[in-house]
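> coordinates for the following, if possible.
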Amino acid sequence: MWERTLQDLIRGLRANKNDESKFIGHAMDEIRREIKSKDMELKAGAVMKLTYLDMLGYDMSWASFHIVEVMSSPKIHIKSVGYLGAVQSFNEDTDVLMLTTNLLKKDLSSTPADVAVTLNGVSSIMTADLARDLNPELVGMLNHSRPHIRKRAVAAMYRVFQKYPDALRHGIGRLQEKLEDPDPGVVCATVNVLCELARRDPQDYLPLAPQLFHLLTTSSNNWMLIKIVKLFGSLSPHEPRLVKKLQPPITDLISTTSAISLLYECVHTCIIGNMLQGTTGDSLARMCVSKLAAFIEDPDQNLKYIALLAMVKIVPTHPHLVAEHQDTILSSVDDEDISIRMRALDLLSALVNRDNLQSIVQQVLSHLVKPESSAIPSAVQSLSQHIIPSAPAKSPGAPSQSTAYRLVLSQRIMTMCSQNTYDNVIDFEWYLSVLVDLAYVSNVDIGTQIRDQLVDVVGRVRAARSYAVKLMVKVLSDDTFLLHAGEQGSCSEVLWAAAWICGEYCGELSAPDELIPYLLQPEIASLRPDITAVCIQSATKLFGYWASEAAKQWTESFLEDLKKAVDIMIEQMEQFASSTQIEVQERAANILQLLIFIKRDVAMYKPKQENGFSDLSAAAFDPVLEPSFPKSLYLIQPLFSSHELNPVASIAQASVPVPDGLDLDMWIVPSMQDRVAEEGDDGDVTERKIRRNKKGKGKESANRMKVKSGKKKQKEDHYREELAPQEEETAEEKAERERLKAERLERIRDDPYYIMDDQSQKPPAEDVDSIPVVRLDGPLPLPGIFLSTHMNMADALAEEPRLPGLRSSASIRSTPPSFVVERGGEMPAGVVITPQPSTPVPSSRRQTPNPFDVTATPPPPLPSFQSYEVPDDELRTSTPEPIKVTRAKKKRTSTAKKKRTVKPEMKAGDEGTVVIH
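Have a look, this model is predicted:
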């Protein structure tokens, strides 16, 4: 038939591309008939065709037994076909492999040709059973008279050691002898096997070091030298004496060899083998770095790639040597191959330090700037381009403009600057500018990371806050982020950071009221809800600060400006109060009510007449006099300035001690099954009660059968008793009702979904006359107390000149600021720092990822209020002392008693004193 041979099968496949499956089906039917034939030549041809089809993806495992038959042929060309089919289709699960053991032993003791074919095949079909059974024969083949048989036997022994590790105890000695074999091919094969074995457990092969060192210094075979150098790279970390011994020959190879592959392996071995230490190691390291730098400049992309990989490993020990080739490394960031770009970025990230951070970041940042579109070339330029060939221009889809690569570049810039809590940043004003520039030019979704970095830097570095506020004012006044907020990669999250920084550190602004319109402009409502909410909150902070500052410097001319400012705030806040976003709506509605209160207070304010005081500070301490400004000016600022917001230590949450008696692993809420059972029982009790109270009224729906507790339940029961006539309750029914009520109260006592009221229904009458009177609505102190008594208001204002945007304290400095980074963060009060336990912290006590939480530090006194002086013996701790209230002794019934906590050390005469917590 025409497809009898393999060549005919291949021709038929090429001729039937449109109907290949049908042709394969006919061919498989023919192969099944041929492989069952008793003609070994025909059977071998069928195996060859099956082997080819198996390479195309068709299964041939059904013909395993027939392949063994072909392997047993005495003819070498047919036997070779059988072993080829076995190598292609056999695996450890092939059931006919158990039939091949005797066949393989027979072939291994046959002619050299049969032995060579068998060794080639057995290396690929080796199993644990075959390795155990064939180990003696293969060890004997190591001493065969033919070199090519010994070489194949060495390679087969590697598979035996893999499948049957017990063979190593007896075979490794015979394998070591092959290192002194007269044939270089056998020696090279032995070195290859030892190199692979040493990767798993290098310490077991340290006794081979003298023989390997002799081969390293005498052999001229580059491929064998590569393997020997690799092997020494695995051995030298476990034997420090090898380092000093290997440095001279390795240095000689690096300086003399012309083989690039051998040169790289020598450099790589020096790196991983700890050979670059000490005085001799420094010279060797310099030579290695110079060779790798030459690789980077080579046009071969493979050499560039492996050189960048090797340099990353040298940087931790010799960064100064790699830094000498910084320009060469930076040129790789603009390479056309994206893999080389990524490795160059890895190297730059490892190379960065305090001295070269700014230069590296600026050059990496320049790759994010899109090149401007060039004008149409002139005729002369077009002709010159054809005459003088130049480098082709990059296509718009080049890796430098791809979104994924730009994202990696942006993330690398922030990683290089923020590593080890900004350890490499010297000038934080520069870094803040870099973050803002990154938001403008990145064009990728990196806004969240930039926002977090801005807030983190400003929170940790106090000296940078003034410049940060100035920079954020420019960001808020620029409408670029607002116009492109809906686009991908717009980085509109920077507006969140800008609004938060300006609101939190509004004391750095000389005119905070001028920034409020930017925060409350109508376009803000189109941003994400979290950004809009922060803008509303920051605008309120700015208004509160501006109002408190106006109170300090109050004059009657400020009144009209204040009324206008409040009206504008109310008008702008009303547009956010009707927002569909619940967070924005709630914040705007709450702030709107505060503004309405301020508006009414300002409207009721009447200018104060002269009181005759010549000393403002003396008048400020008078508790009777009213302040000369509206009290509501200090309504908003205390809401946001009570606590200073500082970074929290990473171990703060884990350092909080667990209170006594608190089990964090115990369930707070009882199991669902118990709760459902309790609710069912309560429902039955309530249902019976309602049926008794509403006779003849019909049954209520199931959704009305809920237990009511507290005053609401009493009120509804009272209404029900008035509307529905009830029968007089007997003594037995009353006792049953009280019993059921007591059972229900006992059942729900520990249920967190029920609020228990321990107070009595009729509280005892209070002795109002015995309660001390405290005046809470006293006048506010005048702001003049913080000015010198020898200065008037005009002199005080004239002494503080202001620059546009920022206060005079943030003016241009003659010397650069000293930046101090708060790396540790704050710890909770009273916490004793102990070494961290080795066990992992439970999930219930892990610290939150946000580094900016409000800490429990005591709030600073407001600058507009007089601080109260408290005696030392009356200082209050974080937990207030119990309040002692002396009440008149009155007779009480037993049913009207209240539960009170009585101090155990109460004396007998203090019966009327109770302690309320």
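> ok, Tyr505 touching Val469?
Yes: counting by Cβ atoms under 8 Å, Tyr505 touches Val469, with 5.4 Å between them. (C-beta placed from N, C-alpha, C; glycine too.)
> give me the more crowded residue out of the two.
Val469 (25 against 20; other Cβ atoms under 10 Å).
> how close does that one sit to Gly503?
10 Å (Cβ to Cβ, to the nearest Å).
> Ala344 now?
41 Å.
> go on, Gly273?
On the measure of Cβ to Cβ, Gly273 and Gly503 end up 57 Å apart.
> what about these two, which has more around it?
Gly503 (26 against 21).
> what sits against Glu180?
Val187, Gln211 (Cβ atoms under 8 Å, 6 or more residues apart in numbering).
> would you check that Asp567 makes contact with Ile598?
No: between Asp567 and Ile598 there is no contact under Cβ under 8 Å: 10.6 Å.
> neighbour count winner among those two?
Relative neighbour count places Ile598 above the other of Asp567 and Ile598, with 25 against 13, counting by other Cβ under 10 Å.
> and for Asn582, the neighbour number?
Quick fix: residue 582 reads Ile, not Asn. Using other Cβ under 10 Å, Ile582 has 10 neighbouring residues.
> that one and Tyr440, how far apart?
Ile582 is 32 Å from Tyr440, by Cβ to Cβ.
> please apply the same query to Pro319.
For Pro319, the distance to Tyr440 - Cβ to Cβ - is 32 Å.
> strands of this protein, start to end?
Along the chain, the stretches classed as strands by DSSP state E are 883-886, 913-916.
> by mean pLDDT, show me the worst of the ones you listed.
Lowest mean pLDDT within those: strand 913-916, a mean of 38.
> helices and strands of the protein: which one bottoms out on pLDDT?
Scoring the helices and strands of the chain by mean pLDDT, DSSP states H and E places helix 793-798 at the bottom, with a mean of 35.
> wait, doesn't Gln411 sit right on Ile446?
Yes: with contact taken as Cβ under 8 Å, Gln411 and Ile446 are classed as touching, separated by 6.9 Å.
> more neighbours: those two, which one.
The neighbour count for Gln411 versus Ile446, taken as other Cβ under 10 Å, is higher for Ile446 (24 against 15).
> ok, now how distant is the more buried one from Arg406?
Counting by Cβ to Cβ, the gap from Ile446 to Arg406 is 9 Å.
> shared neighbours of those two, anything?
With Cβ under 8 Å, 6+ apart, Ile446 and Arg406 have no common neighbours.
> list the contacts for the nearest residue to Met48 once chain neighbours are set aside?
Excluding the flanking residues, the one nearest Met48 by Cβ to Cβ, 6 or more residues apart in numbering is Leu6, at 4.9 Å. Residues counted as contacts of Leu6 (Cβ under 8 Å, 6+ apart) are Gly45, Met48, Lys49, Tyr52.
> got a pLDDT number for the first one?
So that's Gly45. The model's pLDDT for Gly45 equals 91.
> Ser89 versus that one, what's the distance?
16 Å.
> what's the answer for Val47, then?
9 Å.
> now do Asn16
24 Å.
> those two: who's more crowded?
The neighbour count for Asn16 versus Ser89, taken as other Cβ under 10 Å, is higher for Ser89 (20 against 15).
> show me the shaky parts of this structure.
1-3, 371-401, 608-626, 670-728, 751-816, 830, 832-917 (pLDDT under 70).
> tally of neighbours for the nearest residue to Ser332 once chain neighbours are set aside?
Residue nearest to Ser332 in three dimensions, not counting chain neighbours: Ala344, with 3.8 Å by Cβ to Cβ, 6+ apart. Ala344 has 26 neighbours, counted by other Cβ under 10 Å.
> which ones are touching Ala344?
Leu308, Ile329, Leu330, Ser332, Val333, Asp335.
> most widely separated two among these?
Leu308 and Leu330 (11.8 Å; Cβ to Cβ).
> between those two, who's got more neighbours?
Taking neighbours as other Cβ under 10 Å, Leu308 and Leu330 compare with Leu308 leading, 25 against 19.
> thought that one was touching Ser332?
Yes: using Cβ under 8 Å, Leu308 is in contact with Ser332, at 6.6 Å.
> what do those two both touch?
Common contacts of Leu308 and Ser332 (Cβ under 8 Å, 6+ apart): Ile296, Ile340, Arg343, Ala344.
> top of those residues by neighbour count?
Top of the shared contacts of Leu308 and Ser332 by neighbour count (other Cβ under 10 Å): Ala344, with 26 neighbours.
> how close does it sit to Asp337?
10 Å.
> try Arg460
Arg460 is 39 Å from Asp337, by Cβ to Cβ.
> do the same with Thr111
52 Å.
> settle it for me: which of the two has more neighbours?
Taking neighbours as other Cβ under 10 Å, Thr111 and Asp337 compare with Asp337 leading, 15 against 11.
> just checking, that one touches Asp300?
No: applying Cβ under 8 Å, one finds Asp337 not in contact with Asp300, separated by 11.1 Å.
> residues contacting Tyr305?
Tyr305 neighbours (Cβ under 8 Å, 6+ apart): Asp337, Ser339, Ile340, Arg343.
> the same query, at a cut-off of 10 Å, please.
Going by Cβ atoms under 10 Å, 6 or more residues apart in numbering, Tyr305 touches Phe295, Ile296, Ser332, Asp335, Asp337, Ser339, Ile340, Met342, Arg343, Ala344.
> leaving out the residues flanking it, which one is nearest to Lys178?
That would be Thr190: by Cβ to Cβ, 6+ apart, it lies 4.2 Å from Lys178.
> from Arg32, how far off is the one you found?
45 Å.
> and the shared contacts of Leu308 and Ser332, which is closest to Thr256?
Ile296 (21.6 Å).
> give me the nearest residue to that closest one, chain neighbours excluded.
Ala307 (4.9 Å).
> surely that neighbour and Asp298 touch.
Yes: Ala307 is within contact range of Asp298, at 8.0 Å (criterion: Cβ atoms under 10 Å).
> so the two - more neighbours on which side?
Ala307 (28 against 13).
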